[in-house]
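Student: Structure of the sequence below:
(chains A, B and C)
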Amino acid sequence: MAMEKFIKKPDRKPPKLIQSGPISWLLKNMFSSVTNSLISLIAILLVIQSVPFLVSWFLVDATWQGENRAACVENSGACWLYIREKFNLFIYGFFPKAEYWRVNAAAILFFVLIAPLFFKKFNFKLKWGLSVMVLYPVLTFILFYGGVAGLEVVETNKWGGLMLTVFVAYIGIIAAFPIGVILALGRNSDLPIAKYLCIGFIEFWRGVPLITILFMASVVLPLFLPEGVDLDKLMRATVGITLFQSAYLAEVVRGGIQAIPKGQYEAADSLGLNYYHKVSNIILPQALRIVIPSLVGTSISLFKDTTLLLIIGLFDVLAMVVATSADILWLGFEPEGYVFVGIIFWIFCYTLSRYSFKLEEKLSFKKN
Amino acid sequence: MKEEEIIRIENLNKWYGNFHVLKDIDLCVCRGDKIVICGPSGSGKSTLIRCINHLEEFQEGSLIVDGIEINKDVKNIEKIRSEVGMVFQHFNLFPHLTILKNLTLAPMLVRKKNLKEATEIAMQYLERVKIPEQAEKFPGQLSGGQQQRVAIARSLCMEPKIMLFDEPTSALDPEMIAEVLDVMVELADSGMTMLCVTHEMGFAKKVADTVIFMEGGQIVEENEPNMFFNKPKNERTKLFLNQILTH
Amino acid sequence: MVVVKFYNNSKFRRIFFQVFILVSFIALIVFIVNNMFANMEKRGINTGFRFLTSESGFGILQSLIQYDETSSYGRTFFVGLLNTILVSFLGIVLATFLGFFIGISRLSSNWLLRKLTTVYIETFRNIPILLQILLWNTLFRRLLPPSDLEILPNIYISREQLTIPEITINPFFYVMLVVFFLLIGFIFFYKKRAEKKLFITGEGSPVFLVASVLVVGYFVVFIALRNVSFNFVDPIPGRFDFETGISIIPELFSLSIALGVYTATYISEAVRSGIESVDKGQREAAVALGLRKSTIMKTITIPQAMRVIIPPTTNQYLNLTKNSSLATAIGYPDLVSVFAGTTLNQVGQAVEIMLMTMAVYLLISLFISLILNIYNKKSKIVER
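Tutor: Numbers count the residues shown, from 1 in each chain, chains lettered A, B, ... in the order given. Have a look, this model is predicted:
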């Protein structure tokens, strides 16, 4: 008896009727059941109620041009004129106008320095990236503060606006990193004294609100320093923020270290690596890669938290809203100011969180 | 006398997006039939039995279970699901409930049985799968084989007319496969209608009325076990049997 | 015998290293404390906690306990602490309801609802909480009527305050309270008996019906007899302010709303990932048993998801409590505002005051992590 042959039937395309068409899409995604339809109706009502109002406040009825606040009073929408008028203050704070170029130069410098990282042929990406990260804040500080190469000295109490916000956040994130890594290693170590000191340190900073830390930095820290040593307010706040951030970073890094399988330690030990080599070549490179998304996450949090500087009297970008709305000629435009600053923060944070989300997807893909 | 038909599948086609997973499936199952479905991975065998209790939607064709046609009607689907029991590869016991609660949950909520009745039925089936002493434990405390037996008992508590098995022994350690297969053989002897996706050819030889071989989303061969293993009709079937039986 | 050089001996290294850390740590502490005393002496700052008993000399806008200018700084501390607890509690209630609603909505099959919740989350979590607090506060100040407006009988609202009748409790209230507990007890008893009856005879009892009739009936009676349980002193508008009535400052609402709305975005993420963490097979198995969608959610999905949801949510409660200290930016009299702010300015004993303030938050943190640890141990799914 001859055997049957296996004949593969050809693949067909799925029947059309199941997808496509806006009506069937609506039926499937918004009106699939009674409850769903009800929810959709309420949601549509909500959108109809709020969107036109927001659009008219933001755009249609808003004032974009004019001489003074009288131009704004005629329109019921937002007064963007106020933002235009105070724009420089939002960005540079009370930095002398003639020296704005120094802030701009620092911003441009950043992009120039990181540019090589985007060239495929550049071979020293990691080393270059790390040196830029460490050297950039030093260069920026010199540029802002001046006092060398004929640059006029600008005291830190003149710094303000977005420039101050970004500067403090940047220093906080970079300086907290090594401390955080050491704390994480300490907390994971089998030396009891080191371990419990690290736990105490981490839990202390994580347990109290940032605002109390900033108060500590501004009123108590001067008492801790020996006579004659004087840190200015911005420095003290930065120290507080750095220590605060290092505790959160330590917990993130610890998560990464704990995620590394025991086999990696055993393999490293069996190769005869000492503690330093084991940690720096085997454990940390893997642990840090795992936690990159969470590192971005805590950085975003810190960036948002820099707004607290306003409470201790430093002029970050949010504090500039409070300061400028006290101008007698422009009274009563806080909402516009808050919305404007909110949009700035939103753009920064949203971009970063999208980026970390993409990274997370990429990393988890590689793992599979 | 013509046997009573319980499942009728006609010209069933299914797509995942644009991928054609089931092609023109026709299948008829009578009451009390034991059917074993085998085939290489990705051949659509699990998808086919998951269509029977509508865990998967299909796009073309018709499927009638116990006189009820599967369509968009939610009531029909619920009715069919309560008549069709299913056993999964990974047991899917509810880890936060005790074994007894796992067994009594659906009879009480769907069949509206009271606690006493439900408990009696549950204990009766736990005896049948030979682990009544585990009733108060949690799933995590049991071995894989025990968990799968509980899963079988859980389905039986609904007193289904048809049992579907989706690779019930694939996730088990070798020494536990026998205890699960024993329960399945006993169930087959009691006259239950069964559809099993499995690679346990010994089980197929012992209990199956019909063995089905699937490949590329289509039924290649449907044969009684003796013929299937000794004189397969299709050369693809022979190749498959050679691959799995030579080792 | 192999001789190990003493500095390569692993035990020696461990001890040496730890002693080194300890000594440096102690040296640092000694250095700081020395500087501190020297500085304080030079600036003429008092030490110790005696200031807590002296008269504060300033009033506080809102206080849950009796407080005026003649009260002590110690009492100021408690007024601030209670205000912190009050605003955190309100924020937590709001954040929990909003967070669960948003988190579940994010997984809805309704496209529009999903999109709206995404917009909500992305908007509110990417804007600093302090900015949101300030914005809510400004909006409240703008939108509320400039002078007292009676929105409900005997309830007035204005930019400055919400005024409600003063309530004092009559002895009859305690009778009602006892009746309430008896009622709850009876319902539990009835439910137990109904279960027993169901088990033995298979007959069901209308537990839900009986319970709801009793509870609704109780509240009808309670409302009808409210004037016997309580004495209401209606707010009487005086020349400058109300002569009677309780005033609540709008900062309480702007702060708790801002905190609730912000924290809800994080709680919703926890809820979503908790529900998603439940294995797909669980739902399939339940579906295959013929259970309904709503029943599956209630009996299978939520109980398993809660184990994943509760720990991060508790952490968010803690964060909310810590964030409530931003009250000081809008002048809500919380602990940081009245104690680490006003009191510190008057007394000048920064070290003691900051120590006390931080200790409060640390204790709350430690307490909550203790509870979480216990919960985590208890809720672990039983395994072999």
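
Student: Pull up the residues of chain B that are close to chain A.
Tutor: Residues of chain B lying near chain A by Cβ under 8 Å from any Cβ of the partner chain: B:13, B:15, B:17-20, B:23-24, B:59-60, B:215-218, B:220-221, B:231-236, B:238. Every C-beta, even on glycine, is put in place using the N, C-alpha and C of the backbone.

Student: from those, which would you call buried?
Tutor: B:13, B:15, B:20, B:23, B:60, B:215-218, B:220-221, B:232-234, B:236 (16 or more other Cβ atoms under 10 Å in any protein chain shown).

Student: does the closest residue to residue A:102 other than its chain neighbours sit in a helix, a strand or a coil?
Tutor: Nearest residue to residue A:102, sequence neighbours excluded (Cβ to Cβ, 6 or more residues apart in numbering or on different chains): residue A:143, at 5.1 Å. Following DSSP: H, G, I helix; E, B strand; the rest coil, the label given to residue A:143 is helix.

Student: State the distance from residue A:143 to chain C.
Tutor: 27 Å (Cβ to the nearest Cβ, to the nearest Å).

Student: neighbours of that residue, just the number please.
Tutor: By the criterion of other Cβ atoms under 10 Å in any protein chain shown, residue A:143 has 19 neighbours.

Student: circling back: sitting in helices, which of the residues of chain B next to chain A do you find?
Tutor: Assigned to helices by DSSP state H, the following of the residues of chain B next to chain A qualify: B:235, B:236, B:238.

Student: With distance to chain C and pLDDT as extra columns, can I get the residues you listed in TSV?
Tutor: Shown next, in TSV, are these (distance: Cβ to the nearest Cβ, whole Å; pLDDT from 0 to 100):
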residue	distance to chain C	pLDDT
B:235	36	89
B:236	31	90
B:238	35	89
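
Student: which one of these is nearest chain A?
Tutor: For these, the minimum distance to chain A (Cβ to the nearest Cβ) is 3.6 Å, reached by residue B:236.

Student: That closest one against residue B:215, yeah?
Tutor: Yes - at 6.0 Å, residue B:236 counts as touching residue B:215 under the criterion of Cβ atoms under 8 Å.

Student: Quickly list what's touching both of these two.
Tutor: Common neighbours of residue B:236 and residue B:215, counting by Cβ atoms under 8 Å, 6 or more residues apart in numbering or on different chains, are residue A:6.

Student: State which helix of chain B is the longest.
Tutor: helix B:174-189.

Student: now for that one, which elements pack on it?
Tutor: Packed against helix B:174-189, as judged by 3 or more Cβ pairs under 8 Å, 6 or more residues apart in numbering or on different chains; DSSP states H and E, are the following elements: helix B:144-156, strand B:193-197, helix B:201-207.

Student: Could you list the low-confidence segments of chain C?
Tutor: C:1-8, C:198-204, C:239-240, C:381-384 (pLDDT under 70).

Student: If we use 50, what do you get?
Tutor: Under the criterion pLDDT under 50, no range of chain C is flagged.

Student: now the strands: where do they sit in it?
Tutor: C:149-152, C:155-157, C:162-164, C:166-169, C:230-233, C:246-248 (DSSP state E).

Student: Please name every helix or strand in contact with the fifth one.
Tutor: Right, strand C:230-233. Looks like strand C:230-233 contacts strand C:166-169 (3+ Cβ pairs under 8 Å, 6+ apart).

Student: List of residues touching the strand it packs on?
Tutor: C:229, C:230, C:231, C:232, C:233, C:235, C:244, C:245, C:246.

Student: go with 10 Å
Tutor: C:173, C:177, C:226, C:229-235, C:242, C:244-246 (Cβ atoms under 10 Å, 6 or more residues apart in numbering or on different chains).

Student: that older thread, residue B:99: which of the buried ones among the residues of chain B next to chain A is nearest?
Tutor: residue B:217 (37.5 Å; Cβ to Cβ).

Student: The closest one contacts residue B:51, correct?
Tutor: No - applying Cβ atoms under 10 Å, one finds residue B:217 not in contact with residue B:51, separated by 12.0 Å.

Student: Now do the shared contacts for these two.
Tutor: When contacts are counted by Cβ under 10 Å, 6+ apart, residue B:217 and residue B:51 are jointly contacted by B:14, B:21, B:22, B:25, B:44.

Student: Tell me who's in contact with the second one.
Tutor: Yep, that's residue B:21 we're talking about. Neighbours of residue B:21 in contact, by Cβ under 10 Å, 6+ apart: A:11, B:13-15, B:42-44, B:46-48, B:51, B:56, B:58, B:216-217.

Student: hmm, try it at 7 Å
Tutor: Contacts for residue B:21 (Cβ atoms under 7 Å, 6 or more residues apart in numbering or on different chains) come out as B:14, B:15, B:44, B:47, B:217.

Student: For the first one, list the residues it contacts.
Tutor: Remark: with contacts taken as Cβ under 7 Å, 6+ apart, residue B:14 is in contact with B:21, B:22, B:47, B:51, B:56, B:58, B:59.
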